[in-house]
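1. one predicted model, sequence on top.
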Amino acid sequence: LVVLGIETSCDDTAAAVVRGNGEVLSQVISSQADLLAQYGGVAPKQAEEAHSRVIDKVVQDALDRANLSEKDLSAVAVTIGPGLSLCLRVGVRKARRVAGEFNLPMVGVHHMEAHALVARLVEQELSFPFMALLISGGHNLLVLAHKLGQYTQLGTTVDDAIGEAFDKTAKWLGLDMRRSGGPAVEELALEGDAKSVKFNVPMKNHKDCNFSYAGLKTQVRLAIEAKDIDCKHPLSSATNEDRRNRADIAASFQRVAVLHLEEKCERAIDWALELEPSIKHMVVSGGVASNKYVRLRLNNIVKNKELKLVCPPPSLCTDNGVMVAWTGLEHFRVGRYDPPPPAIEPEDYVYDLRPRWPLGEEYAKGRSDAR
Ligand code: ATP
Ligand code: FE
């Protein structure tokens with residue numbers, strides 16, 4: 001088996017070719033870092049145009065680097081949700097064109113399921129059931145994975161995701177936004193004193209597994225105002241004192257943001273073990289899982305609960321095509337795929353896009369008209 005995976009749900013255009021045994025034959029990503037810096041976030045229309053400009057080349061490069069042609073593929077997998085429908089549509093249209101022309105089956109993939117399942121490519125012994133914490137720009141999910149396609153959501157965010165809080169913190173601290181904010185905050189935090197600014201851990205008194213990062217974001221903004229930090233002033237030319245102040249805020253924010261994860265993970269593991277006592281692993285994935293401090297702290301929690309942490313390498317934690325190809329493979333193997341689309345698509349064909357698609361909700365649900 002060999003599957004091509006295509007991912008365009010947000011701001012990265014990605015494609016990869018993966019073999020059934022987990023061998024990654026190629027991986028290509030084109031990111032919209034310049035656009036992000038310009039707009040301070042993802043602007044759907046601009047993102048769609050950027051995907052459209054590069055999608056053909058990204059897919060071609062993935063095939064070339066794998067040394068394969070479309071004819072060698074077993075199937076095409078593509079993210080159909082959740083995400084921005086304008087962006088999802090670019091990937092789905094491309095996938096259908098390739099599959100139609102070469103008579104290949106198609107697998108529609110859930111972006112967050114892909115973030116979780118890519119851990120099974122990395123860790124061969126990771127079998128169901130397992131726990132997963134998925135932390136990214138738009139999601140903060142604690143899930144119990146019973147089996148392929150079957151998930152119980154134990155917790156989610158009631159407002160923002162942790163990645164959004166990292167991105168805003170980076171922006172307000174005047175950090176370099178040509179890449180996403182998370183790595184910039186992580187790097188600056190190394191210079192700071194994590195206990196110097198007192199931030200409250202969110203939802204201390206809630207006895208559930210949900211998250212909230214909007215309040216922490218506000219606390220960060222107030223701390224920045226209180227220290228009179230001018231975010232328009234680049235860090236590179238800051239005075240020593242200004243730089244230390246910014247680093248202290250970055251480190252203190254990161255500590256509390258992660259403490260919130262730790263508290264909820266502890267509870268969620270207890271809940272999950274009651275439901276599925278045979279759980280042995282906890283997966284931590286999504287862009288924020290590439291953060292070293294996050295990995296270190298969560299590893300302690302998971303070890304204390306006598307589970308093993310599985311964290312994909314950073315390049316597979318942030319959005320990528322490998323996770324889509326791999327998740328496509330998993331579903332393809334058990335017969336969950338769509339027949340090849342017609343070689344020539346009718347003009348008015350309505351794509352099956354699922355911009356809002358809770359993880360664990362039936363794949364077979366009626367198609368949503370996202371046009
Ligand atoms: P979603 O998966 O929810 O649809 P997304 O696909 O945009 O969102 P990902 O690519 O999975 O998100 O993750 C991007 C997020 O991860 C950004 O918010 C980014 O700041 C964050 N991130 C990436 N690297 C790090 C890091 N080292 N530390 C903290 N956050 C990070
Ligand atoms: Fe993602």
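-> Here it is on my side, so go on. Ligands and ions are numbered 1, 2, ... in the order given.
2. what about the residue of the stretch 251-371 of the chain at minimum distance from ligand 2, distance to Ile29?
-> Ligand 2 sits closest to Asp319 of the stretch 251-371 of the chain, with a gap of 4.4 Å, by CB to the ion. In short, each C-beta sits where N, CA and C put it, glycine included. Plainly put, Asp319 is 8 Å away from Ile29 if you go by CB to CB, to the nearest Å.
3. joint contacts of these two?
-> The contact sets of Asp319 and Ile29 overlap at Asp12, Ala14 (CB atoms under 8 Å, 6 or more residues apart in numbering).
4. which one's more surrounded, those two?
-> Shown here are Asp319 and Ile29; by other CB atoms under 10 Å, Asp319 has more neighbours (26 against 19).
5. now do the SS call for the more buried one.
-> coil (DSSP: H, G, I helix; E, B strand; the rest coil).
6. and the residue of the stretch 101-250 of the chain closest to ligand 1?
-> Gly182 (2.0 Å; CB to the nearest ligand atom).
7. brain fart, the stretch 251-371 of the chain
-> Minimum separation of the stretch 251-371 of the chain from ligand 1 (CB to the nearest ligand atom) falls at Gly287, amounting to 2.0 Å.
8. could you verify my assumption that that residue touches Gly181?
-> No - taking contacts as CB atoms under 8 Å, Gly287 lies outside contact range of Gly181: 10.2 Å.
9. so who does the residue of the stretch 1-150 of the chain with the smallest separation from ligand 2 touch?
-> Residue of the stretch 1-150 of the chain nearest ligand 2, by CB to the ion: Ser136 (4.4 Å). By CB under 8 Å, 6+ apart, the residues touching Ser136 are His115, Ala161, Gly163, Gly286, Gly287, Val288.
10. and the closest residue in space to Glu7 that isn't next to it in sequence, what element?
-> The spatially closest residue to Glu7, leaving aside those adjacent along the chain, is Ala14, at 4.3 Å (CB to CB, 6 or more residues apart in numbering). Secondary structure assignment for Ala14, by DSSP states H and E: strand 12-19.
11. just how off-centre is that strand within its chain?
-> With CA atoms, centre = their mean, to the nearest Å as the basis, strand 12-19 stands 14 Å off its chain's centre.
12. from the contact counts, what lies against that strand?
-> Strand 12-19 is packed against strand 2-7, strand 24-31, helix 44-66, helix 322-333, with contacts defined by 3 or more CB pairs under 8 Å, 6 or more residues apart in numbering; DSSP states H and E.
13. as CSV, the ones you listed with mean pLDDT would be great.
-> Listed next are these as CSV, based on pLDDT from 0 to 100:
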stretch, mean pLDDT
strand 2-7, 98
strand 24-31, 97
helix 44-66, 96
helix 322-333, 98
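14. coming back round to it: by neighbours, which of the contacts of Ser136 wins?
-> Busiest of these [other CB under 10 Å] is His115, holding 31 neighbours.
15. hmm, Gly286 and that residue touching each other?
-> Yes - look at His115 against Gly286 with CB under 8 Å: they come within range, at 4.9 Å.
16. got the phi/psi numbers for Lys204?
-> Torsion angles at Lys204 (phi, psi; degrees, to the nearest 10) stand at phi -50, psi -40.
17. what helix or strand does the closest residue in space to it that isn't next to it in sequence sit in?
-> Using CB to CB, 6+ apart and skipping the chain neighbours, the partner closest in space to Lys204 is Glu263 (8.0 Å). Taking DSSP H and E as the criterion, Glu263 maps to helix 240-275.
18. which parts of the stretch 101-250 of the chain sit against ligand 2?
-> Residues of the stretch 101-250 of the chain lying near ligand 2 by CB under 5 Å from the ion: Ser136.
19. run through the strands of the stretch 101-250 of the chain in chain order.
-> 106-110, 130-135, 140-147, 150-155 (DSSP state E, counting those that start in this stretch).
20. got the residues of the stretch 101-250 of the chain near ligand 1?
-> Taking CB under 6 Å from any ligand atom as the contact definition, the stretch 101-250 of the chain meets ligand 1 at 111, 136-139, 163, 166-167, 180-183, 186.
21. mind checking which of these are in helices?
-> His111, Gly163, Phe166, Asp167, Gly181, Gly182, Pro183, Glu186 (DSSP state H).
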